[in-house]
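**Q** Next one to model:
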Amino acid sequence: MKRLDVEFQSDGATVRAWFYKAEGGGRRPTVVLAGGWCYVREIVMPTYAKAFAAAGVNAMIFDYRNLGVSDGDNRQHLDPWAQIRDYQNAMSFLEGRDDVDPNRIGVWGISYSGGHALILAAIDPRVKSIVSQIPVIDGYENMRRAHGTMEFRRLWDLVLKDRKLRYERPGERLYLPHATENSEAEVSSWPFPETVRTFMAIKAKEAPLYENKSTVESVDLLMNYDVGPFVKRIYNTPTFMIVAEGDDLTLWDLEINAFNAVPSARKKLHVLPHTSHMTLYSDASKVETAAKLATGWFSETL
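**A** Just a heads-up that it's a prediction; the model follows:
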């Protein structure tokens, strides 16, 4: 396979991507991939893209606007609906390539983007198949349960402080860590020590552009994020959800409830045993297993 550097426009920002071209001529099925909270394209996704391309399915991984190598003046700001539009503009870009079959485009997402994949299946008929891995389902419930009562109060205080600052000093904003070792001493978006350890190890080895921070407004937006109204609209798009057994970061009970709410008969759920949310980044064997499952799904449905 070949990996090509490509770029496209998304709401005026240049978004940069890697296009993994599958062997074989003609127009090929193609999957679009993007990451979760603060991710850049080097984080875990190349394993999936290479597996797809080896199976004859093109793959394109992009950095959202404001992250990694993509443009955007509001650095480290995570707006879920802007990210979903980036996915849609990625598909529009792919439709113009002569090596892409525009009628066989799939979407893959993990964690935050796992939720985006579910929304895209509901709102964009160009999406012909999705894989949603360990997805964020309900941002408010996720934050409330992940932080616990006392830390959630502190998180809300920070969100309200940021709202006040942005009103009084337009252009200024507060930031907080993606994750932290000590959630009692420092408010973060995702208060799990294993998260900061895992992502900082990945940063050191293969993703130097990853930054362990986002705007506080990103969390404000997350708490208004809910895939619930959308999964009920997935009538016929093949939908594969991969869940980690006992996942208490993005909450596997919410994930399974969302899967059960999808009315389509063209759906499949796979629970990975003895797997946590973070081992789907830190354990190469588990990543390979998930990549094999996703490759089989896209090979069958696209």
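**Q** which residues in the stretch 201-302 of the chain form strands?
**A** Using DSSP state E, counting those that start in this stretch, the strands of the stretch 201-302 of the chain run over residues 214-215, 239-244, 267-272.
**Q** most centrally placed residue in the protein?
**A** Centroid check for the chain by Cα atoms, centre = their mean gives S113 as the closest residue, at 2.2 Å.
**Q** OK, contacts around that one?
**A** By Cβ atoms under 8 Å, 6 or more residues apart in numbering, the contact set of S113 is 33-36, 39, 83. (C-beta placed from N, C-alpha, C; glycine too.)
**Q** What residues sit buried inside the helix or strand harbouring it?
**A** Taking DSSP states H and E as the criterion, S113 maps to helix 112-123. Across helix 112-123, burial judged by 16 or more other Cβ atoms under 10 Å covers 112-122.
**Q** tell me the average confidence for that helix?
**A** Mean pLDDT, computed over helix 112-123, is 98.
**Q** and what of stretch 189-196?
**A** 97.
**Q** got the CA coordinates for it in CSV?
**A** Taking Å, rounded to 0.1, in the frame of the first residue of the first chain, the C-alpha atoms of stretch 189-196 are listed here in CSV:
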residue,chain,number,x,y,z
SER,A,189,-11.5,16.5,31.4
TRP,A,190,-11.0,12.8,31.9
PRO,A,191,-9.8,12.2,35.5
PHE,A,192,-8.0,8.9,35.0
PRO,A,193,-4.3,8.3,35.8
GLU,A,194,-4.1,5.5,33.2
THR,A,195,-5.2,7.9,30.5
VAL,A,196,-2.5,10.4,31.1
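**Q** Provide the contact partners of that stretch at residue level.
**A** 37, 146-147, 151, 176-183, 188, 212, 214, 218-219, 222, 249, 276, 278.
**Q** coming back round to it: for the helix or strand just after the helix holding S113, packing partners?
**A** The helix or strand immediately downstream of helix 112-123 is strand 127-133, counting by DSSP H and E. Applying 3 or more Cβ pairs under 8 Å, 6 or more residues apart in numbering; DSSP states H and E, one finds that strand 127-133 contacts strand 100-110, helix 112-123, strand 239-244, helix 284-301.
**Q** Check which strands are paired with strand 127-133 and give the direction for each one.
**A** Strand 127-133 sits in its sheet next to strand 100-110 (parallel), strand 239-244 (parallel), going by DSSP bridges.
**Q** got the buried residues for the helix or strand just after that strand?
**A** Scanning forward in sequence from strand 127-133 by DSSP H and E, the next helix or strand is helix 139-168. Of all the residues in helix 139-168, those buried under the rule 16+ other Cβ under 10 Å are 139, 142-144, 146-147, 151-152, 155-156, 158-159, 162, 166.
**Q** so what secondary structure elements neighbour helix 139-168?
**A** Under the contact rule (3+ Cβ pairs under 8 Å, 6+ apart), helix 139-168 is packed against helix 216-222.
**Q** What average pLDDT does the helix it packs on get?
**A** On average, helix 216-222 scores 98.
**Q** Determine the set of other helices and strands touching that helix.
**A** helix 139-168, strand 175-176.
**Q** Looking at these, which is nearest to S282?
**A** helix 139-168 (18.8 Å; Cβ to Cβ).
**Q** relative orientation of the closest one and helix 112-123 in degrees?
**A** With axes from the mean of the first three to the mean of the last three Cα atoms, to 10 degrees defining the directions, helix 139-168 sits at 100 degrees from helix 112-123.
**Q** Which members of the buried residues of helix 139-168 define the maximum pairwise distance?
**A** A146 and R166 (24.2 Å).
**Q** what helix or strand does the closest residue to K292 other than its chain neighbours sit in?
**A** Of all residues not flanking K292 in the chain, A51 sits nearest, at 6.8 Å (Cβ to Cβ, 6 or more residues apart in numbering). Per DSSP H and E, A51 falls inside helix 45-54.
**Q** Pull out the buried residues from that helix.
**A** Those buried within helix 45-54 under the rule 16+ other Cβ under 10 Å are 45-46, 48-53.
**Q** Could you single out the nearest of those to N260?
**A** Nearest member of these to N260, counting by Cβ to Cβ, is Y48, at 25.3 Å.
**Q** Now do the closest one against K268, distance only.
**A** Separation of Y48 from K268 (Cβ to Cβ, to the nearest Å): 17 Å.
**Q** how many other residues sit next to the nearest residue to D124 once chain neighbours are set aside?
**A** Nearest residue to D124, sequence neighbours excluded (Cβ to Cβ, 6+ apart): Q88, at 6.0 Å. Taking other Cβ atoms under 10 Å as the neighbour definition, Q88 ends up with a count of 18.
**Q** Thank you kindly, that will do.
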